[in-house]
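K.L.:
Give me a model of this one.
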Amino acid sequence: MEESQCLEKLGEKTLHQPANARLITYCPSMDLLALGSTDHQILIYRLNGQRVYGAAQKSGALGVESLCWKPNGKFLLETYVTLTERSTGQLLAVAWADGTVRLVGAESSKTVHQFSTNDSDVLGITCMGWTTNLTTRNSSSTHSTTSGSWREFLEGDGISSKSSTILDLPRDLSLIDIETSLPKLGVLPAGGGSSSLDPLFRPFDPKDNNAVDIMVVGTKEGKIHLSIYDSFVVGSFGSPVLVQGSTSFLVRHASHKQYSTHSLLMKSSTPDETLYFVPMDLRFVSTSSNYLSLLASRSTALQNLLRYIHQVQILMATEWKSTQELPGRFLRNINETLAEKNDRDIVQALYHSVATGHTFSSVREWLVDELAERGHKRWDKAVVTGLENLRRLVHENMLPALERCSAILSRLAGIAKFLGSNENIGFSSQDISLMMDTVACLHLVSSKILIQVVDELDNFTSFSLWLRYEIDRLASETSTSPPEEVTDKEATIDHSKVLLYLQTAMTTSPLTAFFSDASPEDSKDGWTSTEQGLRIFDILSKELQNQEQNLPYRRALPRVGLLCQRLTRQANAVFSQIAEAEKRNVLFGKANKLGTAHKDALIDVKIRRIDLDSFHSFISFVPLVQIIQVKLSVKNGISAVHSIDSAAVRLGDGQVKDLKFLDDDVLLVLWECNGLTSLLSMPYKASHKNGDSAHAVRFYLNYYPHQPDAGLSSPMDLNNDEVLRQFRRYTVSKDESFIPDKMEIRARDDDGSVNGRRLILLGEDRLRYLVLNGPEPTIRTRKPGVDVSMT
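P.N.:
Reported below is the predicted structural model:
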């Protein structure tokens, strides 16, 4: 029996509430641990135990059912945390029992996205996986062909250069970063705080053009929900496995960045809880154009922009209404009084006062007794504050957002025109042209609003000065001599602007044309021609000219709310077409029965790369350590299962507390025997066939054709001593009070570029965890004459 190796302890933490063993996950690129507590708290801790984020459960009895980190950011640019590298930020996906998935920035603690996995009621989430797939294909546009290659070409000797880099002008033009030169979007007042919106509207990095991230969520009803690039929803699919008329639900998901085929492990809802292996082919990844990542990222950014524009439009309407409510109450009161005594309204009465200096008695009583100094201050504050906020919303939020929309739509239009009908991308250049027309209409209307707000604010300032002067003058008429400051104020008033405000904006502001609610008749008349897929920019321009000249016009066309609704409808139609095109390219293979796993059985799935066109899926579960090997090949994005083999090991009379695949060679097993818990490193593939015994593993498994209905054939029986002798053992803690019960692994990526392995162990009390430096891949040599019996 060999001495066990000690793993380096990097951190530990004692929790205030017991952790949920199913809700522990380690960030793939940062030393951050996310876990869920038994009271439905979501917590993120640094390696030193410092708390980064905490969130309580939703209202009612809804709790968190799954946690998952976004894949390593080296393929997909993350800017949620500004550290030494641009790819260090991360998102944490939190799935709730009602099917809602929230994407939370690890360091910012802000909810970046939120979407639902189904339109109907969801009973719960059974599994959530988040992975990255490479989209690079063998074509003229190689992985190294990026916009940087053109810069190098131009900076070098140009055509005379001997560089063998393949240049692709259309591709590089599409990847030119335009959005970084646009003004940044301001945080909306309703959002609170002064944090940046960069995480929500991050630019597309050309280095990420070779990959797309994919989220797979399974529900208890058997639905499988698919989304790409954070929150672009592809759609939901029914259960690919039906057993005795009942659906099966997803329990595990595995993938490899090189393959567009994912491995799904389904469990039947029948009492026997049978496991099934189902390959899922994402052909929109394998057969897509080289613009899939760009298309997915810009579509997601456009969705976020439309939500942003919608919120800005609501705030604009709210601010405009705030400028009308209080003055409207004041004016209604005096108009009722004037209507009873004289045949005139307040506009005529005040115009008479400005022009002649004479004030009617009813108006005098209203100004001095009802409005007075206090009412004037409220009036002035309501109008000035509302108009200034409206000006800021248009100038700092709406117009910059529309410029970004135009830039994104221009990219999508370029892709549609360049690809034409050769690629089924789900939309045409005509669809994008109509959206750009609506954006241009919103830009025109917003510009008109900005001009009008500036003019109205300037005129109201003069009117407010005159109104205050008039109140003070009338109040001081009872004295023998008016105060000197009252007479001095009149010289600072621009009476022409006062008269202009009374004529144009006192009771009916020109802004009403953009914000008031249109009647059903106006809406029907204004949108009859536009709903037929026609461009409306020229029509709107003419209608606005009629409105400015006080001529009849279609009142529905200039409404900001209706234009935003039109843009949203057009965008949703394009998004649904894109999603439908991708959904048609999602294929589920034949369900392969694996066997029966009892309730809450320990299960893990791993994909091992063989070559460009084939891979093996390994599934391990208990009570015996049973490993099933599924051999698959992929051709043109469609997978085929060639064989299913299995092997099983009985580890003495001990208990397997947990098991996880560490890498392509080793399965880690947390094994307890006679009160002692050991971490075992179990090779799960056969010995190397290279003829060099120095590189042959000491322990290896023999796989036999899998027969799920016949039970286990020839399991390998090891007694306790053989278990300790044949497997490499690791010491996880010298503290005897800590008894590990569950583990989580952050594995090193295939190219080894990720930070080192991490092993997280949760104690039996669920109140303490350890973070260890994970085991390094070392191959045990086989001693001469020492073999393991296979019977």
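K.L.:
Give the full set of residues in contact with residue 99.
P.N.:
For residue 99, the contact set (Cβ atoms under 8 Å, 6 or more residues apart in numbering) comprises 116-118, 121-122, 125, 219. The way it works is simple: take the backbone N, C-alpha and C, and place the C-beta from them, glycine included.
K.L.:
residues in contact with the helix or strand where residue 538 lies?
P.N.:
Assigned by DSSP states H and E, residue 538 falls within helix 537-548. With contact meaning Cβ under 8 Å, 6+ apart, helix 537-548 is reached by 437, 440-441, 444-445, 448, 510, 513, 529-530, 552-554, 557-558.
K.L.:
circling back: may I see the PyMOL selection of the buried members of the contacts of residue 99?
P.N.:
The buried subset of the contacts of residue 99, as determined by 16 or more other Cβ atoms under 10 Å, is captured in PyMOL by this line:
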select buried, resi 117+122+125+219
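K.L.:
Please dump the contacts of residue 99 into CSV; it should also carry pLDDT for every row.
P.N.:
Shown next, in CSV, are the contacts of residue 99 (pLDDT from 0 to 100):
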residue, pLDDT
116, 81
117, 77
118, 70
121, 71
122, 76
125, 89
219, 90
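K.L.:
Farthest pair within the contacts of residue 99?
P.N.:
Maximum pairwise distance in the contacts of residue 99, criterion Cβ to Cβ, is 13.0 Å, between 121 and 125.
K.L.:
Dihedrals phi and psi, residue 553?
P.N.:
Residue 553 adopts backbone torsions of phi -150, psi 160, taken as degrees, to the nearest 10.
K.L.:
Kindly apply the preceding question to residue 381 instead.
P.N.:
Residue 381 has phi and psi values of phi -70, psi -40 when expressed as degrees, to the nearest 10.
K.L.:
Run a quick neighbour tally on it.
P.N.:
Using other Cβ atoms under 10 Å, residue 381 has 12 neighbouring residues.
K.L.:
Kindly report the same for residue 517.
P.N.:
Number of residues near residue 517 (other Cβ under 10 Å) recorded here: 10.
K.L.:
ok so it is a helix residue?
P.N.:
No - read with DSSP: H, G, I helix; E, B strand; the rest coil, residue 517 is coil and lies in no helix.
K.L.:
that older thread, among the contacts of helix 537-548, which ones are buried?
P.N.:
Of the contacts of helix 537-548, these count as buried by 16+ other Cβ under 10 Å: 437, 440-441, 444-445, 448, 510, 513, 530, 553-554, 557-558.
K.L.:
Just those: which are in helices?
P.N.:
437, 440-441, 444-445, 448, 513 (DSSP state H).
K.L.:
Closest one of the contacts of helix 537-548 to residue 586?
P.N.:
Using Cβ to Cβ, the contacts of helix 537-548 come closest to residue 586 at residue 437, 32.8 Å.
K.L.:
Check which helices and strands the longest helix along the chain sits against.
P.N.:
Taking DSSP H as the assignment, the helix of the chain that covers the most residues is helix 292-341. Using 3 or more Cβ pairs under 8 Å, 6 or more residues apart in numbering; DSSP states H and E as the contact test, the elements touching helix 292-341 are strand 211-219, strand 232-237, helix 346-356, helix 361-365, helix 372-392, helix 399-419, helix 512-515, helix 560-583.
K.L.:
and residue 622, which of those is closest to it?
P.N.:
The closest of these to residue 622 is strand 211-219. By Cβ to Cβ, the value is 21.2 Å.
K.L.:
Can you list the helices and strands that the helix or strand just after the closest one packs against?
P.N.:
Toward the C-terminal end, the helix or strand that comes next after strand 211-219 (DSSP H and E) is strand 224-228. Strand 224-228 makes packing contacts with strand 211-219, strand 232-237 when contacts are defined by 3+ Cβ pairs under 8 Å, 6+ apart.
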